[in-house]
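Asker: return a 3D structure for these sequence lines:
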Amino acid sequence: MLPILKKIRKLLDKKQKRTMLGLVVLMIISALLQTAGVGLLVQVVELVIDPEAVAGDGITHTIYVLFGIQDHRSFSLFIMFALIAVYVLKNVFLYIQQKLTLAFVYTNQFRTSERMMRNYMLRDYEFYLNADTAVVQRNITSDVNNIYALILNLLQLLSDGFISLFVISYCFVTNGTVTLLLAGVLLLLMIVIKQVLKPIMYKSGKDNQDYYSGLFKWISQIVQGIKEVKITCSEKYFVDQYRKCGKGYVEAVQKYSLLSSVPKLLI
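Answerer: Model (predicted):
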């Protein structure tokens, strides 16, 4: 994880880093709103199950006393309207946060691709005499897309992490024993994912990248050398090689996508 973060740190300039910091602040606010929504939902359910909960020593009683509400009916209406207001505010805020996050990722994705394009254009002619066209195309397109897809996933992971931290803190305050038990189970699953799935996913990702570059290579050779292909009647050879490379790419990307979904299914 640390090597990836170091590479991303080198990739982004100061303005982009400040924007990411702003997105992190929005994530913290979003996590607080999510936790507030969960907390109010719990209070509504508790009121429905036990109308006398307002007389206890829990959070429901604290809210009841804090706002000085005199009867159970008024308090129930207050909690429900508060729940509706929090959920509306939360969803509006999440929409804005997601829109800003996607705008940051995809705008900078194109700018980075443009910057790499400009860098290759400024290189000497001698560089292109031995350059692999497929690798150059992959670097400008798919590699840039993949790194910003990684940044998007990291931002999503960070957002989910804040939400989990605040919700777990709330659950620990309300029921510490059950929270510790669930935390132990989740920790065990994380160890399994890291030790078993991660090496397999790394190999699948590497195969995916190599086969994708191979597809570009065969297309480039066919287009640039179409005259020789026609003269030697080797169309079938190139089609077979492209099909072979494509079969490997399909298997690699399917395997990687399937393994990527496993942690979500486990958790």
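Asker: for the rest of this, base every contact and every neighbour count on C-alpha atoms.
Answerer: OK.
Asker: now do whichever helix in the chain runs longest: distance to the chain's middle.
Answerer: Scanning the chain for the helix with the most residues, using DSSP state H, yields helix 72-121. In this view, helix 72-121 has its centroid 13 Å away from the chain centroid, taken as C-alpha atoms, centre = their mean, to the nearest Å.
Asker: got it, and stretch 28-42?
Answerer: 21 Å.
Asker: list of residues touching that stretch?
Answerer: 79, 82-83, 86-87, 89-90, 93-94, 159, 162-163, 166-167, 170 (C-alpha atoms under 8 Å, 6 or more residues apart in numbering).
Asker: cool, stretch 89-104 as well?
Answerer: Here stretch 89-104 makes contact (C-alpha under 8 Å, 6+ apart) with 19, 23, 26-27, 30, 33-34, 37, 152.
Asker: export these as CSV, with columns for neighbour count.
Answerer: Output for the contacts of stretch 89-104, formatted as CSV (neighbours: other C-alpha atoms under 10 Å):
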residue, neighbour count
19, 14
23, 19
26, 20
27, 24
30, 22
33, 21
34, 22
37, 21
152, 17
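Asker: identify the farthest-apart pair in the residues you listed.
Answerer: Maximum pairwise distance among these (C-alpha to C-alpha): 27.0 Å, between 19 and 37.
Asker: would you mind measuring from residue 153 to residue 202?
Answerer: With distances taken as C-alpha to C-alpha, to the nearest Å, residue 153 is found 16 Å from residue 202.
Asker: next, count neighbours for residue 177.
Answerer: 12 (other C-alpha atoms under 10 Å).
Asker: residue ranges with poor pLDDT in the stretch 101-250 of the chain?
Answerer: In the predicted model of the stretch 101-250 of the chain, no residue satisfies pLDDT under 70.
Asker: quick one, helices of it?
Answerer: 125-129, 133-140, 142-174, 176-192, 198-224, 226-232, 235-266 (DSSP state H, counting those that start in this stretch).
Asker: check which residues of the fifth one are buried.
Answerer: To tie it back to what came earlier, the one meant is helix 198-224. Residues of helix 198-224 classed as buried: 201, 204-205, 207-218, 220, 222 (neighbour count, 16 or more other C-alpha atoms under 10 Å).
Asker: also the second one?
Answerer: Within helix 133-140, the residues that qualify as buried by neighbour count (16+ other C-alpha under 10 Å) are 134-140.
Asker: surely residue 212 and residue 247 touch.
Answerer: No. Judged on C-alpha atoms under 8 Å, residue 212 makes no contact with residue 247 at a distance of 10.6 Å.
Asker: and the two most separated of the buried residues of helix 133-140?
Answerer: Maximum distance among the buried residues of helix 133-140 (C-alpha to C-alpha): 10.1 Å, for 134 and 140.
Asker: so residue 202 versus residue 124, what's the distance?
Answerer: On the measure of C-alpha to C-alpha, residue 202 and residue 124 end up 35 Å apart.
Asker: re the thing from before, save the helices of the stretch 101-250 of the chain as TSV, and put in distance to residue 8 too.
Answerer: Converted to TSV, those look like this (distance: least, C-alpha to C-alpha, whole Å):
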stretch	distance to residue 8
helix 125-129	27
helix 133-140	16
helix 142-174	8
helix 176-192	24
helix 198-224	18
helix 226-232	40
helix 235-266	21
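Asker: closest to residue 15 out of these?
Answerer: Of all these, helix 142-174 comes closest under C-alpha to C-alpha, at 15.7 Å.
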